[in-house]
Each structure stands twice: as structure tokens, then as C-alpha cells.
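Novice: turn this into a structure:
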Amino acid sequence: MSLGKAFSLGIVAEGVENNEQFELLKNMNCDEFQGYYYSKPLSGDQLIDFLRGQKNRAVCPIFSYTIVFPF
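Specialist: Numbers count the residues shown, from 1 in each chain. This is a model prediction of the structure:
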């Protein structure tokens, strides 16, 4: 992560599976996270259904944001 930060790059942690991993990476100043901790892999159609079901609600218990669909 130090190398990426030195070049002002955003850092994405892949394969985050539990809160312990998330907290460690967050404390290391990781920017983005993905993995089973958030969701199992989804097809395109499943992702759209998942996001539509999350309108105006936080998708992740750690971060709060609103999803806006242009369609």
C-alpha cells in the first residue's frame, strides 16, 4: 500500500472476508474494500436487483451512501 500511496493511487483490498481484515486494512489507510464480507459474487442482473433493493438505504453497514439510478 505504501507504494500506491506514494504515487497518489487509490488502494483497493480484494478478498476481505471479515471485520478483522476490514479493520486492519482500514487502519492501514486502504481506500476501498471488496470481498465476501460485503457480498457474494453476483451476475450483472443480480447486481442490478441487489442495488435496486437498496435504494435510499446503506448498502454496507460500514459506510452510508445513497444509490441513484438514472433509469
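
Novice: domain parsing of the chain, as residue ranges.
Specialist: Structural domains of the chain, as assigned by automatic domain parsing, span the residue ranges 2-38, 41-71.

Novice: can you give me the strands in this structure?
Specialist: If you assign secondary structure with DSSP state E, the strands in the chain sit at 12-13, 32-33.

Novice: elements contacting the last one?
Specialist: Helices and strands in packing contact with strand 32-33 are listed as strand 12-13, helix 19-27; criterion 3 or more CB pairs under 8 Å, 6 or more residues apart in numbering; DSSP states H and E. Placement of C-beta: from N, CA and C, glycine included.

Novice: would you mind giving those as JSON lines with distance to D45 added?
Specialist: What follows is the helices and strands packed on strand 32-33, written out as JSON lines (distance: least, CB to CB, whole Å):
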{"stretch": "strand 12-13", "distance to D45": "24"}
{"stretch": "helix 19-27", "distance to D45": "27"}
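
Novice: Throw the ones you listed into JSON lines and include distance to Q34 and mean pLDDT, thanks.
Specialist: Formatted as JSON lines, the entries for those read as follows, by distance: least, CB to CB, whole Å; pLDDT from 0 to 100:
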{"stretch": "strand 12-13", "distance to Q34": "7", "mean pLDDT": "92"}
{"stretch": "helix 19-27", "distance to Q34": "11", "mean pLDDT": "93"}
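
Novice: which residues are in contact with V16?
Specialist: With contacts taken as CB atoms under 8 Å, 6 or more residues apart in numbering, V16 has the following neighbours: 22, 25, 33-38.

Novice: which one of the residues you listed sits closest to I48?
Specialist: The shortest approach to I48 among those belongs to Y38, at 16.5 Å (CB to CB).

Novice: could you export stretch 42-50 as PDB, CA atoms only?
Specialist: What follows is stretch 42-50, C-alpha atoms only, in PDB (Å, rounded to 0.1, in the frame of the first residue of the first chain):
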ATOM      1  CA  LEU A  42     -23.200 -11.500  -8.300                       C
ATOM      2  CA  SER A  43     -24.100 -11.600 -12.000                       C
ATOM      3  CA  GLY A  44     -25.000  -8.400 -13.700                       C
ATOM      4  CA  ASP A  45     -28.700  -9.000 -13.300                       C
ATOM      5  CA  GLN A  46     -28.300 -10.000  -9.700                       C
ATOM      6  CA  LEU A  47     -26.300  -6.800  -9.000                       C
ATOM      7  CA  ILE A  48     -28.900  -4.600 -10.600                       C
ATOM      8  CA  ASP A  49     -31.600  -6.300  -8.500                       C
ATOM      9  CA  PHE A  50     -29.500  -6.000  -5.400                       C
END
